[in-house]
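# output the structure for:
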Amino acid sequence: MESWKWPDAEQLMPLEFSPVYQPRIWGGTMMHDVLGRQVPAGDTPIGESWELSDRPEAMSVVSGGPLAGRSLHELLTHYGTALTGGATAPERFPLLVKLIDAGERLSLQVHPDELACRSIGGGAEPKTEMWYIIAARRGGCILAGLEPRATLVQTKSLLNSPEVEQVLRKHPSVPGDAYFIPAGTLHAIGAGNLILEIQQNSDTTYRLSDWGRVDAQGKSRELHVEKGLVSVHFTDRSNPRIAGVSDQAEHNRKFPIVKECRHFAVDDLRLTGVWHDSTASGRSFHLLSMIDGHARVETDAGAKLLLVPGETVLIPFLCGAYRIIPENGSRPVTVVRTTL
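Here you go, the predicted structure:
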């Protein structure tokens, strides 16, 4: 029997990965109800699906093709910049992609920036993220950012009270809307949201309030108030919401979502016909996250993948030219494209 060999870097093709499902006390049913996924059953509902992750506790594995069974970290170690682009390959894949299925409201939380991580220590990792609302139930909302008139003293005094909502910006959940959440932004995802999350490869979260919630054994989750308050940017009163596209696409259109961020750039693609693209036009891999409809991804080398809602595909840097071909009849398809 011949030993397995890594394909040459020039043969790299678009890559699909198996989801890594994460039970969460606040998990919901929208991955099944909206996306039709068969998620694992258990005592604790599934709240997150890590679609692309290079972390030891939740490692993505290629689901098909010649690299099936290989982990994302193995790909990075073997292919380096042929996978990621850039002058040097990072030690870990730089981004983490999740689906968030909020059956209940998530905790009030914050992620630290580099400065806060140096102050806190203990392995804290900075995390800036972006949310794209895939679907939302009636009454769904997003709490993100501080109200302009909120004070530090007021915020601290209300942390243990439901009235803490008074100091937060509150938005009704609208599919197609996005939220840019820089490190240091106080935030909470409300119940009834199915969200695509693009973030730095970090799992550092500080909970400042869990709304008095307890688990099946009556235990509350740990809070991290001191570290969280060190991390919050109290002087930042910017509005994180990025309003979605309101008009109907009659031809291919690209709408920038996040463009002035050193960690990632994100575009909302509304496609009615074939979209031609290439990793060679920039400096990194591309991530394609299907939001609505179905499409094929094809390369000149003959690779073909079907994109279904909720799925994220990695286009390696050395893959070069590719095209997205909508398969949605006369209706446009929506794809979120992420690069470095």
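
# stretch 22-40: which residues count as buried?
Neighbour counts over stretch 22-40 (16 or more other C-beta atoms under 10 Å) mark Gln22, Arg24, Ile25, Trp26, Gly27, Gly28, Met30, Met31, Val34, Leu35, Arg37, Val39 as buried. Every residue, glycine included, has its C-beta placed from N, CA and C.

# now, these that are in helices?
Applying DSSP state H to the buried residues of stretch 22-40, the entries found in helices are Met30, Met31.

# so which of the buried residues of stretch 22-40 is the closest to Thr151?
Trp26 (28.7 Å; C-beta to C-beta).

# next up, the contacts around the closest one.
Neighbour list for Trp26: Pro45, Gly47, Ala102, Gly103, Glu104, Arg105, Leu106, Ser107, Ala191, Arg213 [criterion: C-beta atoms under 8 Å, 6 or more residues apart in numbering].

# just for the stretch 1-150 of the chain, where's the confidence low?
Scanning the stretch 1-150 of the chain for pLDDT under 70 picks out 1-2.

# one more pass at 50, please.
For the stretch 1-150 of the chain, the stretches flagged by pLDDT under 50 are 1.

# which parts of it are helices?
Taking DSSP state H, counting those that start in this stretch as the criterion, the stretch 1-150 of the chain carries its helices at 30-33, 72-79, 81-84, 114-120.

# for the longest one, which positions count as buried?
Translated: helix 72-79. Buried residues in helix 72-79, counted by 16+ other C-beta under 10 Å: Leu72, His73, Glu74, Leu75, Leu76, Tyr79.

# ok, and what's touching that helix?
Outside helix 72-79, the residues that touch it by C-beta under 8 Å, 6+ apart are 6, 9, 12, 15, 17, 52-54, 59-62, 67, 83-84, 89-90, 92-93, 316, 318.

# follow-up on the earlier one: so which of the buried residues of stretch 22-40 are in strands?
Gln22 (DSSP state E).

# out of the buried residues of helix 72-79, who's nearest Ser278?
For the buried residues of helix 72-79, the nearest to Ser278 is Tyr79 (18.1 Å; C-beta to C-beta).

# list buried residues within the contacts of helix 72-79.
Of the contacts of helix 72-79, these count as buried by 16+ other C-beta under 10 Å: 9, 12, 15, 17, 52-54, 60-62, 67, 83-84, 89, 92-93, 316, 318.

# coming back round to it: list just the nearest of the buried residues of stretch 22-40 to Pro126.
Nearest to Pro126 among the buried residues of stretch 22-40: Gln22, at 21.0 Å, using C-beta to C-beta.

# look up the closest residue to the closest one, ignoring the ones flanking it.
In space, and not counting its chain neighbours, Gln22 is closest to Glu48: 4.1 Å by C-beta to C-beta, 6 or more residues apart in numbering.

# so which strand or helix has the residue nearest the centre of the chain?
Geometric centre of the chain, nearest residue: Glu197, 2.0 Å, by C-alpha atoms, centre = their mean. Per DSSP states H and E, Glu197 falls inside strand 193-200.

# note down every partner strand of that strand and its orientation.
strand 95-102 (antiparallel), strand 129-136 (antiparallel) (DSSP bridges).

# CA atoms only: put the first one into PDB for me.
Extracted C-alpha coordinates of strand 95-102, given in PDB (Å, rounded to 0.1, in the frame of the first residue of the first chain):
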ATOM      1  CA  LEU A  95      -9.200  33.900  12.000                       C
ATOM      2  CA  LEU A  96     -11.900  31.900  13.600                       C
ATOM      3  CA  VAL A  97     -15.400  31.600  12.000                       C
ATOM      4  CA  LYS A  98     -18.400  30.600  14.000                       C
ATOM      5  CA  LEU A  99     -22.200  30.300  13.700                       C
ATOM      6  CA  ILE A 100     -23.900  31.700  16.900                       C
ATOM      7  CA  ASP A 101     -27.400  30.200  17.600                       C
ATOM      8  CA  ALA A 102     -28.900  32.200  20.500                       C
END
